[in-house]
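[1] model this:
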Amino acid sequence: MTVQDLDAPGGTFTHWLIRNIDAHTRRLPAGAHPPGAVEGRDSFGRTGYSGPCPPHGDRPHRYVLTVYATDRRPPLSPGTPPGASPDASSGASLDNLLRALAGHTRATCTLTGRYGR
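    Numbers count the residues shown, from 1 in each chain. Sure, this is the predicted structure:
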């Protein structure tokens, strides 16, 4: 699952990458970490969820949550330290996750929300 801000000043900004959520999970309570799930690096270079924070005065930003149903767990390690050069075998960046899911995604679902301050 990914959460991205499509309207960030520097281009699309990733707020959350999380994978290996059990297929039977029906809800994610606020602040909960699903058992067995692995979080990747967001655009801040941190592991975990970073909430929406559009600049003051900007129009509301579009935040897109995408869920991927796959036929396998992506073969990625939990993450790469900030500043390191990630590759498909060692990082949990958005690009690495999408490469690992290529050819293994069976369905996707998106939800778009708007948030402004």
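
[2] could you check the distance from residue 56 over to residue 50?
    Remark: distance between residue 56 and residue 50 (C-beta to C-beta, to the nearest Å) = 17 Å. (Glycine included, C-beta is placed from N, CA and C.)

[3] can you check residue 58 too?
    Taken as C-beta to C-beta, the span from residue 58 to residue 50 is 17 Å.

[4] likewise residue 101?
    Counting by C-beta to C-beta, the gap from residue 101 to residue 50 is 22 Å.

[5] do residue 95 as well
    To residue 50, residue 95 is 18 Å away according to C-beta to C-beta.

[6] Show me which of these two is the more surrounded one.
    Comparing residue 95 with residue 50 by neighbour count (other C-beta atoms under 10 Å), the higher total belongs to residue 50, at 16 against 12.

[7] Now that that one has come up, it's in contact with residue 42, right?
    Yes: at 5.0 Å, residue 50 and residue 42 qualify as touching, with contact defined as C-beta atoms under 8 Å.

[8] show me where this structure has strands.
    Using DSSP state E, the strands of the chain run over residues 2-5, 13-19, 38-39, 61-70, 105-115.
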